[in-house]
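Colleague: Have a look at this prediction, sequence included:
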Amino acid sequence: MSLAPPGRVPERAPDSRPASGPGSGDPAGPAAAAAPRKTPGRGDPGASTDPGSHAAHGRPATPARRRLLTRGSFPYLLIMPAVLGFAVFKAYPIAASFWISLTTGSGDEQRFAGLANYERLLTDPLFWTALKNTGLILVVQVPLMLGLALLVALGLNSTKVWLRPLWRLGVFVPSLTGLVAAGVMFSVILNRDAGLLNWVLSLFGIDPVNWLGSPFWARVAVVLVITWHYTGYNAVMYLAGLQGIPKELYEAAMVDGAGPVRRFFAITLPQLRPILLLTVVLSTIGTLQLFDEPYVLTGGGPDNSTLTVTMYLYDNGFTYFDFGYASALAYALALIVSVLGIIQVRLMGERR
Amino acid sequence: MSHHLSRRRILHLATASAAGLGLTACGGGGSGAGAGGADGDSGPITVWSWTTAAEALRGVVPSFERDNPGIKVDVQDLGNPAIWDKITVGLASGGKGLADVLHIGVDYLPGYMQKFPRGLADLSKLGADRHKDAFAEGLWPTVVGKDKAVHALPWEVNPLGLFYRHDYFEKAGVDPASLTSWDDLIAAGPKIRAATGAQLLGLDKPGTTQDMDFFQNLMQLQGAFYFDHEGKVTLASPEAIQALTVIKRLNDTGLLADTAGQGTWKRLVGQGKLATAPYPAWAIEYLATKFPAQSGKWRVMQPPAAVPGGGRSAIVNSTYLTVSATSKRRKAAWRFVEYALTKPAEINRMFASGGVFPALKSAYDDPKFSAPHPFYGGQQVLRSFVDSLHAGADATNFTGDYSRALKLASDAQSQVLVKGADPAEALKAAAKQLAQQTGRQQAA
């Protein structure tokens, strides 16, 4: 223990959450919310590696080498199952899929084809249609949903709302619904002639909308269903973020005469920045991988207006048995997701 | 010493993982498929099927197990469409985890045979050829692979019929015998609608389910399909254009209801809003059990021709039992398939328990194929479907690229029905894309 370098936080130090101290009046506002989560992670391995090397020095060399379970190796043993699981179930399929993306043919007659699948991708109209649809849903749906989630979270956070637990439950329940179940449910609700939604609209004298049958409304329907499904999930994350904001900041701002709008933009939003970034990145990835809802709701129709990249990928793999091309699609999608993710982190996380 | 060991171990690990990569790379499968199989003729076997068919198959098990001591049969209902993913994944991984006996539809069978040539057992080695002439015309070519090996036995066949509301036709003064082509039906449709408020038939206009049976039927009635018998693309043939034109005319005259969405078709029929249903034989019991309140109101007739004076019989689709090549008990599996599908008594028992319309010709000698059906006002409905089969239908070449063709045809149909596109233009674009995607030629 005494070998720990000066300044490093020792194991279970009482001050292991320094930045969270609300009284510190820390001007580096945005960092405060993230700091408490980082500290324990950084402290633990350091604390346990050092005593390990200490033990090796103090004892004869051979038995120490033979011993599998030392204080130094212990953390590695702990993470071993996860690493093994990752290697077998993630890393291996990822590598194998890359290899498959370089082959062509169908079924079990595959031959090496170099980059032919990737070239084909560039000239495939259906791939571009799918990408355009996915991009459109991304641009329209993610801001809409996250904005809505923020409003909901602000409402749920307010002490003026009665029966808050009940409201919170109600907001979160849609995210617990199975994706396919949600799709089936909405295909009944959105049915043109006998659906619930058109019946409600008819009460206001609005003509029935062909929700699933017209290219425009089918896209709206998909956006509607995803928004219904994931808003509560994001709202709960925002709510957690809101509750982590020190009240003293608001008190100080009120003393300085800041109104509610000013407090929202000067305190709430900056403090929520890490969580906002998280939800934006997660929602972007989720939307780019959109599959279940349009698959159940519209089957990608009408005329491919709701076909997404993953649906097209699935069709190529499991309906047309074209595994090489499906793998190439997967890699193209992975590339797009990574690039977008990096851009978002750069843009939104710059001040951290 | 320890250095040496660890290096060897590393080399060993490297080779192992490289081999693993290679295996997967071969597509799942590569040369491995078939290698794991054996011709065991006793022990437990499993069968994959779905819903009513699985239940019917279970009915065969007691007598089969009695006649074949030593074989235990476990019939599993995987559900449709889940079964296709399970079979595809199994075949793609070299046959791992597949059941011994697989129930496969004609929409998947040629694809599996073509793309996983070592995935399904060669049944001719086990004696399948002796049943060559036992099944309805047009089915045998679909079970023979490129290698001339037999990979399946036909179980179910679905000849096309036109179910219609007898009471509506009477009310509108339309004589069904006078309707020999879809032209006639399009002419009679407005009369029926005026008298009863019902539209002629329902179609999933935006193509959410890719149910293209009606379009395919109209092609099949003309002896045509997406591909000809050489496998060339015929999606833009005059027959295909005629088929889509009939659909467009039905839509333009307001005779086509939109049945997109879960259960819409069922609801419309239940409410009496559809006057006809161009459906195959499986619909006989389906209509009778789903709409008992409409008993006595329905009848069946030969489907009208797609072009005036044209053919009036078609086989919509069919399903098969196959044996996986990796099965450890191929002989036992084949014995079950042969027992279930070539004995008239067994096949009719399955049919009676709500199963599927048999492909086995000798099954039709059973008196129940001439029995009057109360739901259809005492009409001998089964006999009319058997007659339709005797009239002969052309074999349909589904090919291994059926699902791509289906997708593109579905897109073309919804372009016509939702966006008002021209049938010929839409089909020409679809055919071009189909040829491009599959590397097939377009027929002249």
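Modeller: All right, it came through fine.
Colleague: Return the distance of the nearest residue in space to A:Leu333 that is not next to it in sequence relative to chain B.
Modeller: Closest residue in space to A:Leu333, ignoring its immediate chain neighbours: A:Val309 at 5.2 Å, by C-beta to C-beta, 6 or more residues apart in numbering or on different chains. (Each C-beta comes from the backbone N, C-alpha and C, glycine too.) According to C-beta to the nearest C-beta, to the nearest Å, A:Val309 and chain B sit 16 Å apart.
Colleague: hang on, isn't A:Val309 packed against A:Phe127?
Modeller: Yes: with contact defined as C-beta atoms under 8 Å, A:Val309 reaches A:Phe127; the gap is 7.4 Å.
Colleague: how deep is the residue nearest to A:Leu333 tucked in, by neighbour count?
Modeller: Neighbour count for A:Val309, taken as other C-beta atoms under 10 Å in any protein chain shown: 25.
Colleague: which residues in the stretch 151-300 of chain B form helices?
Modeller: B:166-172, B:182-196, B:213-220, B:238-252, B:264-270, B:283-290 (DSSP state H, counting those that start in this stretch).
Colleague: Highest mean neighbour count across the ones you listed, which stretch is it?
Modeller: Ranked by mean neighbour count under mean count of other C-beta atoms under 10 Å in any protein chain shown, the helices of the stretch 151-300 of chain B are led by helix B:213-220, which reaches a mean of 23.
Colleague: Now tell me what touches that one from outside.
Modeller: By C-beta atoms under 8 Å, 6 or more residues apart in numbering or on different chains, the surrounding residues in contact with helix B:213-220 are B:160, B:182, B:201, B:203, B:225-226, B:239-240, B:242-244, B:246-247, B:278, B:303, B:306, B:314-317, B:393-394, B:396, B:409, B:413.
Colleague: OK, contacts around residue 258?
Modeller: All of this is about chain A. A:Ala258 makes contact with A:Ala266 under the criterion C-beta under 8 Å, 6+ apart.
Colleague: looking at chain B here, not the other one
Modeller: Per C-beta under 8 Å, 6+ apart, neighbours of B:Asp258: A:Arg192, A:Asp193, A:Asn210, A:Gly213, B:Gly202, B:Leu203, B:Asp204, B:Lys205, B:Pro206, B:Thr264.
Colleague: pretty sure A:Val209 is in a strand, no?
Modeller: No: A:Val209 is assigned coil when assessed by DSSP: H, G, I helix; E, B strand; the rest coil, not a strand.
Colleague: Give me the distance between the residue in the stretch 201-350 of chain B positioned nearest to chain A and A:Thr310.
Modeller: Nearest to chain A in the stretch 201-350 of chain B, going by C-beta to the nearest C-beta, is B:Pro206, at a distance of 3.2 Å. Separation of B:Pro206 from A:Thr310 (C-beta to C-beta, to the nearest Å): 20 Å.
Colleague: Same drill for these two, tell me which one is more crowded.
Modeller: Neighbours were counted for B:Pro206 and for A:Thr310 using other C-beta under 10 Å; B:Pro206 has more, 29 against 20.
Colleague: B:Thr326 reaches B:Ser93, doesn't it?
Modeller: No: B:Thr326 is beyond contact range of B:Ser93, at 10.0 Å (criterion: C-beta under 8 Å).
Colleague: Tell me which of these two has more neighbours.
Modeller: Shown here are B:Thr326 and B:Ser93; by other C-beta under 10 Å, B:Thr326 has more neighbours (26 against 19).
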